[in-house]
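>>> Could you look at this predicted model? Sequence included:
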Amino acid sequence: MNASHFNIHPQRFSRNALTVVDKLQRQGFEAYIVGGCIRDILLGKHPKDFDVATNARPEQIQQIFQRKCRLIGRRFRLAHIMFGRDIIEVATFRASHSDALGEHQAKRNDDGMLLRDNVYGNIEQDAERRDFTVNALYYDPQNNTLRDYFNGIEDLKAGKLRLIGDPVTRYQEDPVRMLRSIRFMAKLDMFLEKPSEQPIRELAYLLKNIPPARLFDESLKLLQAGQGLKTYRLLRQYGLFEQLFPALVPYFTEKGDSFAERLISTALTSTDERIADKLRINPAFLFAAFFWYPLREKVEVLKNEGGLNNHDAHALAGTETLNLFCRTLAAPRRHTATIREIWFLQLQLQKRTGAAPMRTMENPKFRAAFDLLMMRADIEGGDTVELAKWWHEFQLSNGEQRTQLVKEQQRLHPQPKKKYFRPRKRPKQKPTE
């Protein structure tokens, strides 16, 4: 069909994606811009990524683009064409596994999950392998035509998400499709049709088969795309949040009003607002908030039952809590180190005498720790509110005012004086004759 009818023309696409398509076509291959970028343009949004589909094999793509091309993935063999920081992902048309010649091309586990999916076919077969109808759209910039194999445009108009093929089979093939369903529902403000919706709760357990590193990446796409709070509620509704964060399940209540649940909602709301204001976000802060109250519970257990002091209990509880977190979502060390630092600073923020406040405020993670303290104050009330107000005032004060604030704290909370003992002088020994 003519893409002009939908206000689609080459100028609306990435110049680099157009270059890739043009070069592949000049070498005699079929090539199309495909998937989510077309969907977003049809919805009046600005696409972040532009993907290409072609009948050229990965090795042929590499031969054409040479140094600009990098082949990645075993499960799905893909080509990344690099234009500086911009990467155009190029996938070869997929076909049904019934056409596979052996396990080197296609392989499943006992739950039906695809472990290898490198069976190549034509564009019609590739469309059948796409996940949702709204993503099975192909654009040819050379003649400005649009191919829609499963009425994806009609589904977009109706605000409907619909899986291509049997939903149970498609979720079993790749359980991450359940998370993608939730992400698209939140991002595109669409509803999931009944046949695609019904199997999710009973198949949610299949996410345990997904590598923790991949689940961590998916969690960022879910919670840090600007619709985090809405996504969180949908994940809870469909029983998927528990699969990503099983360690948080004991802190959930029927009314959803526990301290942990309120802090999760507050942190996600803050993240959504920062994204809307085009401010920087850090996943470490989000996860530090998610697990703050589970951490606090472990600290109290270690202090009461293990006899540890507050500092040592925090250190040990932090390690245990992060281990539980990373068992499901394998966060990189740079993030877990920041999470640990934000937690540790919650202890340091309680120290408001001497030189401690200035040392705390000079810490690079101070702002994130203070934001967490402010959120805790809204939830906990009491002494935490007073502490948050003090730090707010301390930051806005000049040097002399800060000195007065510290002196006032020393007056209100005097430190016990240290006793110094002079060592007893040894009597002089008489020289031996």
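That came in fine, so what should we check first?
>>> switch to C-alpha atoms for all contacts and neighbour counts from now on
Will do.
>>> Just give me the neighbour total for D383.
D383 has 10 neighbours, counted by other Cα atoms under 10 Å.
>>> Against A377, how distant is it?
8 Å (Cα to Cα, to the nearest Å).
>>> try R359
Per Cα to Cα, R359 is found 22 Å from A377.
>>> same question, L322
For L322 relative to A377 (Cα to Cα), the value is 24 Å.
>>> Can you read off the pLDDT for the closest residue to D378 other than its chain neighbours?
Spatial nearest neighbour of D378, chain neighbours left out: V385 (7.2 Å); criterion: Cα to Cα, 6 or more residues apart in numbering. V385 is assigned 96 on the pLDDT scale.
>>> Likewise for A368?
Predicted confidence (pLDDT) for A368: 96.
>>> and it, what does it touch?
Contact analysis of A368 by Cα atoms under 8 Å, 6 or more residues apart in numbering lists 285, 342.
>>> do the one 4 residues further on as well
With Cα under 8 Å, 6+ apart as the criterion, the residues that contact L372 are A289.
>>> for the helix or strand where it lies, which positions count as buried?
For L372, the host element (DSSP states H and E) is helix 366-380. Within helix 366-380, the residues scored as buried using 16 or more other Cα atoms under 10 Å are 366, 368-377, 379.
>>> Could you do stretch 188-196 as well?
For stretch 188-196, by 16+ other Cα under 10 Å, it's 188, 190-192, 196.
>>> now the stretch 51-200 of the chain, which segments are flagged as low pLDDT?
97-112, 114-117 (pLDDT under 70).
>>> how about the strands in it?
Per DSSP state E, counting those that start in this stretch, the stretch 51-200 of the chain carries strands over the ranges 51-54, 69-72, 78-83, 86-92, 106-108, 114-117, 137-140, 145-148, 160-161, 191-192.
>>> Export those strands to JSON lines and append columns for distance to E124.
JSON lines is the format used below for the strands of the stretch 51-200 of the chain (distance: least, Cα to Cα, whole Å):
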{"stretch": "strand 51-54", "distance to E124": "12"}
{"stretch": "strand 69-72", "distance to E124": "24"}
{"stretch": "strand 78-83", "distance to E124": "19"}
{"stretch": "strand 86-92", "distance to E124": "12"}
{"stretch": "strand 106-108", "distance to E124": "19"}
{"stretch": "strand 114-117", "distance to E124": "17"}
{"stretch": "strand 137-140", "distance to E124": "11"}
{"stretch": "strand 145-148", "distance to E124": "10"}
{"stretch": "strand 160-161", "distance to E124": "20"}
{"stretch": "strand 191-192", "distance to E124": "24"}
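>>> Tell me which of the ones you listed sits nearest to A289.
Closest to A289 of the strands of the stretch 51-200 of the chain is strand 191-192 (Cα to Cα; 29.5 Å).
>>> what residues does the closest one touch?
159-162, 181, 185.
>>> so R130 makes contact with Y138?
No. Using Cα atoms under 8 Å, R130 makes no contact with Y138, being 11.3 Å away.
>>> Give me the more crowded residue out of those two.
Between R130 and Y138, counted using other Cα under 10 Å, the more crowded position is Y138 (23 against 18).
>>> Spit out the contact partners of that one.
Applying Cα under 8 Å, 6+ apart, the residues contacting Y138 are 32-35, 38, 146-148.
>>> Just give me the closest of the buried residues of stretch 188-196 to L295.
For the buried residues of stretch 188-196, the closest approach to L295 (Cα to Cα) belongs to L188, at 34.9 Å.
>>> who's in contact with that closest one?
Counting by Cα under 8 Å, 6+ apart, L188 has no contacts.
>>> Alright, I will stop here.
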